[in-house]
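Participant: Need a 3D model of the following:
(chains A and B)
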Amino acid sequence: MATDAITTRSASGRQMARRLFWLATISALLVVALVGDILTGPAFLNVFDVLAALLSPATADDPTTVVIVHSIRLPMSLMALIVGASLGVAGAEMQTLLGNPLASPYTLGFSAAAGFGAAITILFGFTLPFIPSMTIPLMAFLCAGVACLMVYGLAHIRGITAEVMVLAGIATLFLFQSMQSLVQYLAAPEVLQEIVFWLFGSMLKASWFSVTVSGVILVVGVLLLLPDFWKLTALRLGDERAASLGVNVGALRRRVFFVVALLTAGAVSFVGTIGFVGLVAPHLARMMVGEDQRLLVPASAICGGLIMVGASIASKLLSPGAVVPIGIVTALIGVPFLFGLILTGKQRHW
Amino acid sequence: MFRIEEISVSYDGRSILDRIGMGLEAGTFTALVGPNGTGKSTLLKSVAGLIPASGQTVLGGQVLNQGERLKTIAYMPQDTGAQSSLTVLEVVLLGRLQSLGMRIGDDIRAQAVAALARFHLEDLQDRPIGAISGGQRQLVFLAQSLFRAPKVLLLDEPTAALDLRHQLIVLDHIRTTCADSGMIAMAAMHDLSLAARFADRIVFLNGGLICADGAPDKVLNPEILRQVYGVEAEVQPGQSGILHVSPVRALQGGKT
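Facilitator: From the prediction side, this is the model:
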């Protein structure tokens, strides 16, 4: 009997070791991808110079490399990482909250609202005093907040269930999408070009300031989720079972909904609409580490970051001398990867 | 002694349960029976504190508040399948959700494995809950409920959709746990023969009211079955002396 207990304990221990191995592997891949992203670009940089610029900028031989790395490429790479991580975590929680594998941070219309906020700001060309460069991100964030309140308000009246939230979200999504289309219709050709470029999503908008703000939002979002990890894990058994285990499902949905809105708005407001990462990253993470949120959240963040950084490298390599908007590339990178895993995976993960 | 006192539930002005009250002795297993839509699940959920209801629950002379209900009462919902890829061990661990932290100690993990071992399910611990059979899944959820070490266990149709063998295993475990640990169990059931075989007491619920309550041999009779279900049925002791209910036909015009 004692031997049996040891055997069974070691079986679950092996599974945990396997999951931690996956987590370590994708973390290592992310670091490699990050260095690769910094190396890639119109100006050819030597890997040793880049590492020197990253690790000891004060003593690096080539000051030009230090400037390129620290002022241009590092903020862009870190922004790709943070946006990917934010969308990965937001996607994982949206799929958990709504009990739906097709849910993503964009299901409830936050990104469409952010896009509308940016589009209307570009259309009217107004800027905020003192912080003109922050006008578009702030307006995008503000509109995402309005969308969040609309969905929450509707769900609050009818009940915080997955079905009501999806319906309210879809209504909000269509509303902001059609308003976005109206703005595009009204815009002059050169303004329309600017709006479309913003909506594609691009890391060229990244700066140390946007990296700091988005990074803080990501850290705060994950910290806010931390106390609810086990409750969110229980929610995967369904509302009734979670409630029977002592989870206040309505209050949990409310809390996590606001965190998802914050993470999504924080990600898309600075760089534009980045599709697919929030849908694919949680699925990849789930295949590797299962549904225990203690592992799923970091794995979704890392997978999201990896897809974004990979897409950032591809966006620079696709068209030499130019940078293709990353929003176009994310789906190109993510879809084949997901197809491969679906076709080769032995287990159902949803 | 666990007491349910004056539990009433209404939806949209319609009364579902009307001042239900009963006392349940420690170590006993009670079957809650009655036609569909008569309020069995509602009663269990309201006692567990999962839906709003008037009235109160009392354990050992102390009125339970919401927090105490969650600690002392475990509710096992009907099996409606599970699409999750959570492992069987993770599902059992969730039974002690309130005390789980970022790190799970070897002792609590060993206890969860032991809870599975009671049902000979320890070899399934790494399997996804969505990938095992309905019978095994129901046993896993029962292991989860018992892992909470509740003082009161409420079960909503625990044997629905189970084959004969699993029906016997589930109910036998519930009865044995009650006898061994003093746990109080109440299960909503449809199979009256199984209720007679395993329960110490049967409570008939009809139209939101208790219409019969007592030991199986006292309350299981054709007259009550006619009143509650509107059927003609034979109730006879089997070879082992346990009552067996055989429905004969539905009466014209419903219940009498």
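
Participant: Going along the chain, name the strands of the stretch 151-256 of chain B.
Facilitator: Per DSSP state E, counting those that start in this stretch, the stretch 151-256 of chain B carries strands over the ranges B:152-156, B:184-188, B:201-206, B:209-214, B:231-237, B:243-250.

Participant: Residues contacting the first one, please?
Facilitator: The contact list for strand B:152-156 (Cβ atoms under 8 Å, 6 or more residues apart in numbering or on different chains) reads B:2, B:24, B:40-41, B:44-45, B:47-48, B:59, B:72-78, B:142, B:145-146, B:174, B:177, B:183-188. Using the backbone N, CA and C atoms, a C-beta is placed for each residue, glycine as well.

Participant: what stretches of the chain score poorly on pLDDT?
Facilitator: You didn't say which chain, so I picked chain A. Applying pLDDT under 70 to chain A flags residues A:1-12, A:334, A:337-338, A:341, A:345-350.

Participant: Please refer instead to chain B.
Facilitator: Applying pLDDT under 70 to chain B picks out residues B:80-81, B:253-256.

Participant: tell me which parts of it are close to chain A?
Facilitator: B:48, B:50, B:70, B:74-77, B:80, B:82-87, B:89-91, B:94-95, B:97-98, B:100, B:102, B:106, B:109-110, B:113-114, B:116-117, B:122-123, B:125-126, B:128-131, B:141 (Cβ under 8 Å from any Cβ of the partner chain).

Participant: go again using 6 Å as the cut-off
Facilitator: Residues of chain B lying close to chain A by Cβ under 6 Å from any Cβ of the partner chain are B:50, B:70, B:75, B:77, B:84-86, B:89-90, B:94, B:97-98, B:100, B:110, B:113, B:122, B:125-126.

Participant: so who does the residue nearest the centre of chain A touch?
Facilitator: Centre of chain A computed as the mean C-alpha position; nearest residue by Cα atoms, centre = their mean is residue A:87, 1.5 Å away. Applying Cβ atoms under 6 Å, 6 or more residues apart in numbering or on different chains, we find residue A:87 in contact with A:105, A:267, A:277, A:278, A:304.

Participant: Of those, which is the nearest to residue A:132?
Facilitator: Nearest to residue A:132 among the contacts of residue A:87, counting by Cβ to Cβ, is residue A:267 at 22.0 Å.

Participant: Just the CA trace of the one helix or strand that closest one maps to, in PDB.
Facilitator: Assigned by DSSP states H and E, residue A:267 falls within helix A:249-271. Taking Å, rounded to 0.1, in the frame of the first residue of the first chain, the C-alpha atoms of helix A:249-271 are listed here in PDB:
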ATOM      1  CA  VAL A 249     -18.700  32.800  -9.800                       C
ATOM      2  CA  GLY A 250     -20.400  36.200 -10.400                       C
ATOM      3  CA  ALA A 251     -17.900  38.100  -8.400                       C
ATOM      4  CA  LEU A 252     -15.000  36.200  -9.900                       C
ATOM      5  CA  ARG A 253     -16.200  36.900 -13.500                       C
ATOM      6  CA  ARG A 254     -16.600  40.600 -12.600                       C
ATOM      7  CA  ARG A 255     -13.000  40.900 -11.200                       C
ATOM      8  CA  VAL A 256     -11.300  39.000 -14.000                       C
ATOM      9  CA  PHE A 257     -13.400  40.700 -16.700                       C
ATOM     10  CA  PHE A 258     -11.900  44.100 -15.600                       C
ATOM     11  CA  VAL A 259      -8.400  42.600 -15.500                       C
ATOM     12  CA  VAL A 260      -8.800  41.300 -19.100                       C
ATOM     13  CA  ALA A 261     -10.100  44.700 -20.200                       C
ATOM     14  CA  LEU A 262      -7.100  46.400 -18.600                       C
ATOM     15  CA  LEU A 263      -4.600  44.000 -20.100                       C
ATOM     16  CA  THR A 264      -6.200  44.200 -23.600                       C
ATOM     17  CA  ALA A 265      -6.500  48.000 -23.600                       C
ATOM     18  CA  GLY A 266      -2.900  48.300 -22.300                       C
ATOM     19  CA  ALA A 267      -1.600  46.100 -25.100                       C
ATOM     20  CA  VAL A 268      -3.500  47.500 -28.100                       C
ATOM     21  CA  SER A 269      -3.600  51.200 -27.200                       C
ATOM     22  CA  PHE A 270       0.100  51.700 -27.900                       C
ATOM     23  CA  VAL A 271       0.700  49.400 -30.900                       C
END
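
Participant: Mind listing residues that contact that helix?
Facilitator: By Cβ under 6 Å, 6+ apart, helix A:249-271 touches A:83, A:86-87, A:89-90, A:93-94, A:97, A:105, A:110-111, A:114, A:137, A:140-141, A:144, A:148, A:160, A:201, A:205, A:210, A:214, A:217, A:221, A:224-225, A:231, A:239, A:242-243.

Participant: and that helix, how far from the chain's centre?
Facilitator: Relative to its chain's centre, helix A:249-271 lies at 11 Å (Cα atoms, centre = their mean, to the nearest Å).

Participant: how close does the closest residue to residue B:153 other than its chain neighbours sit to chain A?
Facilitator: Leaving aside its sequence neighbours, residue B:153 sits nearest to residue B:185 (Cβ to Cβ, 6 or more residues apart in numbering or on different chains; 4.6 Å). Distance from residue B:185 to chain A, counting by Cβ to the nearest Cβ, to the nearest Å: 15 Å.
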